[in-house]
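Student: no sequence on hand, only this structure:
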């Protein structure tokens, strides 16, 4: 019986304990910035869902949540160049303190697009929290207020990030050998 070739073994870049500490620090900073005011978190699906869940558990503020899905990657590791909303918000954000929660800021194309769309919907404030920042790939600058970690130009998976819908469940952020170097 022939054995299937095994998937490449990811190499840990950021351990879960370091991620947990950084998410807690981001929550404390948000609490200072908003001083007890309600914050409306908008999670970019699917990758940011674990970051959102951990951030929610850490925040000691009145919080509401919504979700948006954006398509910018195909099945591979490179952006397609086309950005579009595939699942819009469920409710108005007018006059709310909004924080976009994103897994990784890479080229900036996706976040720039979403930021402009949401700004037009007249929130009271609009900020961005990105767990990971990969500045080497930046094409469009985006005003990010909360950054977890700045990482090298490697393709990462785990903690919600995927490659072909696999690896999201890894508790650490890992580099995927052979999965693309971007």
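Tutor: The structure has been received and is ready for your questions. Quantities reported herein were computed from a predicted structural model and do not represent experimental measurements.
Student: every contact and neighbour count from this point should use C-alpha atoms.
Tutor: Fine.
Student: so who does the most centrally placed residue in the chain touch?
Tutor: With distances taken as C-alpha atoms, centre = their mean, the residue of the chain nearest its centroid is residue 103 (1.7 Å). Residues in contact with residue 103 (C-alpha atoms under 8 Å, 6 or more residues apart in numbering) are 44, 47, 48, 51, 130, 131, 132, 160, 161.
Student: secondary structure element for it?
Tutor: strand 97-105 (DSSP states H and E).
Student: wait, which of the contacts of residue 103 is closest to residue 67?
Tutor: Closest to residue 67 out of those is residue 44 (6.1 Å), distances taken as C-alpha to C-alpha.
Student: tally of neighbours for the closest residue to the closest one other than its chain neighbours?
Tutor: Once flanking residues are discounted, residue 44 sits nearest to residue 68: 5.1 Å by C-alpha to C-alpha, 6 or more residues apart in numbering. By other C-alpha atoms under 10 Å, 17 other residues sit near residue 68.
Student: surely residue 68 forms part of a strand?
Tutor: Yes: assessed with DSSP: H, G, I helix; E, B strand; the rest coil, residue 68 lies in a strand.
Student: give me the sheet partners of the strand holding residue 103 and which way each runs.
Tutor: strand 39-45 (parallel), strand 125-133 (parallel) (DSSP bridges).
Student: any chance of those strands in a markdown table, plus mean pLDDT and distance to residue 145?
Tutor: Shown next, in a markdown table, are these (pLDDT from 0 to 100; distance: least, C-alpha to C-alpha, whole Å):
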| stretch | mean pLDDT | distance to residue 145 |
| --- | --- | --- |
| strand 39-45 | 97 | 14 |
| strand 125-133 | 98 | 5 |
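Student: make JSON lines out of those and add distance to residue 98 and mean neighbour count.
Tutor: Shown next, in JSON lines, are these (distance: least, C-alpha to C-alpha, whole Å; neighbours: other C-alpha atoms under 10 Å):
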{"stretch": "strand 39-45", "distance to residue 98": "5", "mean neighbour count": "22"}
{"stretch": "strand 125-133", "distance to residue 98": "5", "mean neighbour count": "21"}
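Student: with distance to residue 23 as added columns, please give those strands in a markdown table.
Tutor: Listed next are the strands paired with strand 97-105 as a markdown table, based on distance: least, C-alpha to C-alpha, whole Å:
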| stretch | distance to residue 23 |
| --- | --- |
| strand 39-45 | 14 |
| strand 125-133 | 8 |
